[in-house]
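# build me a model:
(chains A and B)
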2 protein chains.
Amino acid sequence: MTQAMRAHHGRDESSYPPMLPDAVIFAHSTEEVAAAVKLCSAHDVPVIAYGSGTSLEGHVLALHGGVTIDLSQMNHMVAVHNEDLTATVQAGVTRKQLNEDIRDTGLFFPIDPGANASLGGMAATRASGTNAVRYGTMRENVLALTVVTADGRIIKTGTRAKKSSAGYDLTRLFVGSEGTLGIITEVTVKLYPLPEAISAAVCSFPGTGEAVSAVIQTIQMGIPVARVEFLDENGVKAINAYDKMALPEKPLLLFEFHGTPASVAEQAQLVQAITAEHGASDFEWASRPEERSRLWAARHNAYFALLQMRPGSRAISTDCCVPISRLAECILATKADCEAQGLVYAIIGHVGDGNFHVQMLVDPDDPADIARAEKVNSDMVTRAIGMDGTCTGEHGVGMHKMAFLVEEHGEGAIDTMRALKHALDPKNIMNPGKIVRW
Amino acid sequence: MTQAMRAHHGRDESSYPPMLPDAVIFAHSTEEVAAAVKLCSAHDVPVIAYGSGTSLEGHVLALHGGVTIDLSQMNHMVAVHNEDLTATVQAGVTRKQLNEDIRDTGLFFPIDPGANASLGGMAATRASGTNAVRYGTMRENVLALTVVTADGRIIKTGTRAKKSSAGYDLTRLFVGSEGTLGIITEVTVKLYPLPEAISAAVCSFPGTGEAVSAVIQTIQMGIPVARVEFLDENGVKAINAYDKMALPEKPLLLFEFHGTPASVAEQAQLVQAITAEHGASDFEWASRPEERSRLWAARHNAYFALLQMRPGSRAISTDCCVPISRLAECILATKADCEAQGLVYAIIGHVGDGNFHVQMLVDPDDPADIARAEKVNSDMVTRAIGMDGTCTGEHGVGMHKMAFLVEEHGEGAIDTMRALKHALDPKNIMNPGKIVRW
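As a prediction, this is how the structure comes out:
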């Protein structure tokens, strides 16, 4: 075990300093994971599951040392069932690998959190992303898991039946449990037919309120948009500079429509009319794949584009989700805080779900700068919770949001979560120090 | 407390003999439920939540006596948020009441298990029904719950945010827990825009295999059917007789399409072409509301229609769900068993989800008759589990399916469920004797 290997597994994409495990194991099968967990359990040693290391909230940091089990080599497709629209994969398979593997089936897996995360990690954090407005999150798209429990037993949490009323929903309990209740080693997910036609459209708004109102009306009319992403003017400026685009530097919505050619055309027409009613301008189509790819590449590059706005900086990414009727208010108040703190920032939102992120660029060596960003984050989360929203729409709790979790749920619900943790991990060896305090 | 009141609450729609509680309480608020549970906890008395008494698997029977808390008078709407497409209701509100209350908003709540069940009961059994193929089940449509825990505390399991990665999924843990972990007193659900256009179509097939293949192809093409129901020839005969209809007495599919007028027309055309490829005949449209209502009324009456086929009998209803690629095989083998046992029966399926029910008419006073039906049920469930399916798609476990639950999940997963039960209900007072053995 080299120091480099331990160091690689002792950090993620969060702004925490590295916390190294004592050892790293590369697992190749569920049985190997079970054997490792049994050993760790016998010796009261912490166990941390590691997928692709793309966590933003400190999920994989070895706060109390112990053994990190790297699942990235468990990257085999177990089974694809075309007629049932399901795939079962080992936990280390990434979403891009899955989609490449099933390309010839006419099916795809829609959940896209941006990073090329592993399916195990995505299940463990209840990930989602740009397609969630139409296709749901990992919560809705995982049918069953194979899990190694804290005492090293192997269980299956469900079947390939599309629905079930068979007892406690173990699948949904382990989805989002961030390795604190057991280690996910296989994931069975739903697949979807590749849409016959796809088109995209982009338009600009005089303000954030108008953009959000257009989205609310779109959803109230039942138009099944596949994606609808919001960028504030700072985000637009960043991608204009990075991707050499010439989008109006105003709040922007980027839509994608999936369906038959006729239904895609109809959806887009309806949305164009709605956005016009809310003051949108510069409505632009992109039905040719290359135009569409260019727009979505720009959206996906927003994070890197923004980093160029302050060379040498590091991005801190926030994450909250509110009922959509409160979204414009939440974004605008958070924007005002960013301005008051003098931050370099942009706001990007999965706006159909009421979920948005503030990307703030900070000098990693300036504690005051980081403190300003954390203040904006903290106020934003408290605001979101006050609006009957959540402290994290898709990034998870990890170490960073444990206090917010209490604020959101209250002591009674947190005690219930703690009782679950104590019941399933009585020795507190599964990713200790994450989600709930012991 | 009259004997009649106890008797009324000591039975459900299952074929179990009545099991009476010692007392019945009518609750009017979450606080009253909490006070009652605290008292019961202090005296180690079982507590059973009761909604509308429509359970089919013995969920509400007072196996160990105790206090039944009737929630039917907790029937107030708490809040409707049109822009967010959410409603919060007390647990005793029924699905019909909810839909009547929100009629003017242009929204509706799609989950339709047939019976006019309470939302609390529907959440507790993870109910679904005919619309699930498009809109999902209670699993996908409950956003948050207010729950009274086994020690009489009041917790909220979630927020109105559409998605969240905030800790263990308490909402999904209580959905489907059948009153064994706590009592659901308020439910926040998703609402949907009333479709601009609805149309229905019916067609007949030479055999079950052809009908199921047509459904598989429909789903693989991504056609967003709102409902697709299967009736075998016995079911068709029964509704022909009961509703004075003249449908061909062959396996039948009943479709419903939701969307814009253009998209509904397109969906129906595509489905007509697909069903024709699979040998369908007598394809009939019903786009006028009265024709559509007549067809769907016939489907909803199927249970009563069938009862007329054997006067004096009682129906035993089975419930299983398999991956759709195995559905035809599972239905046909089960049909053969029914024939071999000489039963009067019909098969009805939420076929888009791989879920079907056999309704068997038995003489309630003839143990041999009941034993024949239970044998068919037992073999069917074992078959479904062998196909990577589930012992219950939507009716729940109750008392009736506890052994099947073990067969489906295996000892390890059942031990995990038992650990959850012990953690959240350490005195075993919450609906004891249901789901998992103590």
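# skip the chain neighbours and tell me the closest residue to A:Arg172.
B:Arg172 (3.5 Å; C-beta to C-beta, 6 or more residues apart in numbering or on different chains). In this view, the C-beta of every residue, glycine as well, is placed from N, C-alpha and C.
# any idea how far stretch A:84-104 is from the middle of the chain?
Here stretch A:84-104 shows a centroid-to-chain-centroid distance of 18 Å under the convention C-alpha atoms, centre = their mean, to the nearest Å.
# isn't the residue nearest to A:Arg172 right up against B:Arg139?
Yes - shown here, B:Arg172 and B:Arg139 form a contact pair, counting by C-beta atoms under 8 Å, at 6.4 Å.
# if I look at A:Leu39, how far off is A:Ile25?
Between A:Leu39 and A:Ile25 the computed distance is 10 Å (C-beta to C-beta, to the nearest Å).
# swap in A:Met221?
With C-beta to C-beta as the criterion, A:Met221 and A:Ile25 are 52 Å apart.
# neighbour count: these two, which is higher?
Per other C-beta atoms under 10 Å in any protein chain shown, whichever of A:Met221 and A:Ile25 has more neighbours is A:Ile25, with 21 against 15.
# ok, A:Ala123 - contacts?
In this structure, A:Ala123 makes contact with A:91, A:138, A:142, A:145, A:174-175, A:184, A:187, judged by C-beta atoms under 8 Å, 6 or more residues apart in numbering or on different chains.
# ok, which of the residues you listed also contact chain B?
Restricting the contacts of A:Ala123 to those near chain B by C-beta under 8 Å from any C-beta of the partner chain leaves A:Val175.
# closest one of the contacts of A:Ala123 to chain B?
A:Val175 (6.7 Å; C-beta to the nearest C-beta).
# test my guess that the closest one contacts A:Gly136.
No - checked against C-beta under 8 Å, the pair A:Val175 and A:Gly136 is beyond contact range at 11.7 Å.
# who has more neighbours out of those two?
Ranked by neighbour count (other C-beta under 10 Å), A:Val175 and A:Gly136 place A:Val175 first, with 29 against 19.
# now the lengthiest helix in chain A: buried residues?
Counting residues, the longest helix found in chain A (DSSP state H) is helix A:402-424. Across helix A:402-424, burial judged by 16 or more other C-beta atoms under 10 Å in any protein chain shown covers A:402, A:404-406, A:408-409, A:413-421, A:423-424.
# what does stretch A:231-241 give?
A:231-240.
# need the residues that contact that stretch.
A:204, A:208, A:245-252, A:254, A:298-299, A:301-302, A:305-306, A:308-309, A:331, A:335, A:345-349.
# now narrow those to whatever sits close to chain B.
Okay, of the contacts of stretch A:231-241, nothing touches chain B (C-beta under 8 Å from any C-beta).
# and those residues, which are buried?
For the contacts of stretch A:231-241, buried by 16+ other C-beta under 10 Å: A:204, A:208, A:247, A:250-252, A:254, A:298-299, A:302, A:305-306, A:309, A:331, A:335, A:345-349.
# where strands are concerned, which of the residues you listed count?
Among those, the members falling in strands (DSSP state E) are A:204, A:252, A:254, A:345-349.
# how about low-confidence regions in the stretch 251-400 of chain A?
Scanning the stretch 251-400 of chain A for pLDDT under 70 picks out no residues.
# interface residues of it facing chain B?
With C-beta under 8 Å from any C-beta as the criterion, the stretch 251-400 of chain A comes near chain B at residues A:259-260, A:262-263, A:266, A:270, A:319, A:321-325, A:353-355, A:384-385, A:388-397.
# which ones among those map onto strands?
Reading strands off those with DSSP E, I get A:259, A:321, A:355.
# domain ranges for chain A?
As given by the TED database, the domain ranges for chain A are A:3-70, A:77-193, A:195-306, A:310-402.
# out of the ones you listed, which one sits most buried?
domain A:77-193 (a mean of 23; mean count of other C-beta atoms under 10 Å in any protein chain shown).
# how far does that one stretch from start to finish?
19 Å (C-alpha to C-alpha, to the nearest Å).
# repeat that for stretch A:379-399.
18 Å.
# and if you look at stretch A:162-180?
Start-to-end span of stretch A:162-180 (C-alpha to C-alpha) is 27 Å.
# how far off centre is it?
The answer for stretch A:162-180 is 18 Å, by C-alpha atoms, centre = their mean.
# which residue does the stretch 301-438 of chain A bring closest to chain B?
Distances between the stretch 301-438 of chain A and chain B by C-beta to the nearest C-beta are smallest at A:Ala423, namely 3.5 Å.
# any idea what sits nearest that residue, other than its immediate chain neighbours?
B:Ala423 (3.5 Å).
# still on that earlier bit, and the residue nearest to A:Arg172, that one's in a helix?
Yes - checked against DSSP: H, G, I helix; E, B strand; the rest coil, B:Arg172 lies within a helix.
# ok, it - contacts?
With C-beta under 8 Å, 6+ apart, B:Arg172 has these contacts: A:139, A:169, A:172-173, B:139.
# could you do A:Asp379 as well?
Neighbouring residues of A:Asp379 by C-beta under 8 Å, 6+ apart: A:334, A:337.
# which SSE is it in?
Assessed by DSSP states H and E, A:Asp379 sits inside helix A:367-386.
# same deal with A:Gly312?
With DSSP H and E as the test, A:Gly312 turns up in no helix or strand.
# so it touches A:Leu361, yeah?
No - in this structure A:Gly312 lies outside contact range of A:Leu361 using C-beta under 8 Å: 9.3 Å.
# quick check: neighbours shared by the two?
With C-beta under 8 Å, 6+ apart as the test, A:Gly312 and A:Leu361 reach no residue in common.
# look at A:Arg134 and give its secondary structure.
Going by three-state DSSP: A:Arg134 is helix.
# any idea how far A:Ser128 is from it?
Relative to A:Ser128, A:Arg134 is positioned 11 Å away (C-beta to C-beta).
# number of residues surrounding A:Arg437?
Counted with other C-beta under 10 Å, the neighbours of A:Arg437 add up to 12.
# now do the contacts for the nearest residue to it once chain neighbours are set aside.
By the measure of C-beta to C-beta, 6+ apart, the closest residue to A:Arg437 outside its immediate chain neighbours is A:Met402, 6.7 Å from it. Counting by C-beta under 8 Å, 6+ apart, A:Met402 makes contact with A:434-437.
# with just CA atoms, put stretch A:13-31 into CSV.
These are the backbone C-alpha positions of stretch A:13-31, laid out as CSV (Å, rounded to 0.1, in the frame of the first residue of the first chain):
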residue,chain,number,x,y,z
GLU,A,13,-14.3,17.0,-4.8
SER,A,14,-15.3,18.7,-1.6
SER,A,15,-13.2,21.5,0.0
TYR,A,16,-12.2,19.3,3.0
PRO,A,17,-8.6,18.6,3.6
PRO,A,18,-7.6,15.0,2.8
MET,A,19,-8.4,12.3,5.5
LEU,A,20,-6.5,9.1,4.6
PRO,A,21,-7.7,5.5,5.2
ASP,A,22,-5.1,3.1,6.8
ALA,A,23,-5.5,0.8,3.9
VAL,A,24,-7.2,0.5,0.5
ILE,A,25,-8.6,-2.8,-0.9
PHE,A,26,-9.7,-3.2,-4.6
ALA,A,27,-12.7,-5.5,-4.6
HIS,A,28,-13.6,-7.7,-7.6
SER,A,29,-16.7,-9.4,-6.3
THR,A,30,-19.5,-9.1,-3.8
GLU,A,31,-17.9,-12.1,-1.9
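# how much does the helix or strand hosting A:Lys237 deviate in direction from strand A:344-350?
Element membership for A:Lys237 (DSSP H and E) is helix A:233-243. Orientation check (axes from the mean of the first three to the mean of the last three C-alpha atoms, to 10 degrees): helix A:233-243 against strand A:344-350 gives 100 degrees.
# whichever strand or helix holds A:Ser213 packs against which elements?
A:Ser213 is part of helix A:208-220, with elements assigned from DSSP H and E. Packed against helix A:208-220 by the contact rule (3 or more C-beta pairs under 8 Å, 6 or more residues apart in numbering or on different chains; DSSP states H and E) you find strand A:227-231, strand A:252-259, helix A:261-277, helix A:327-340.
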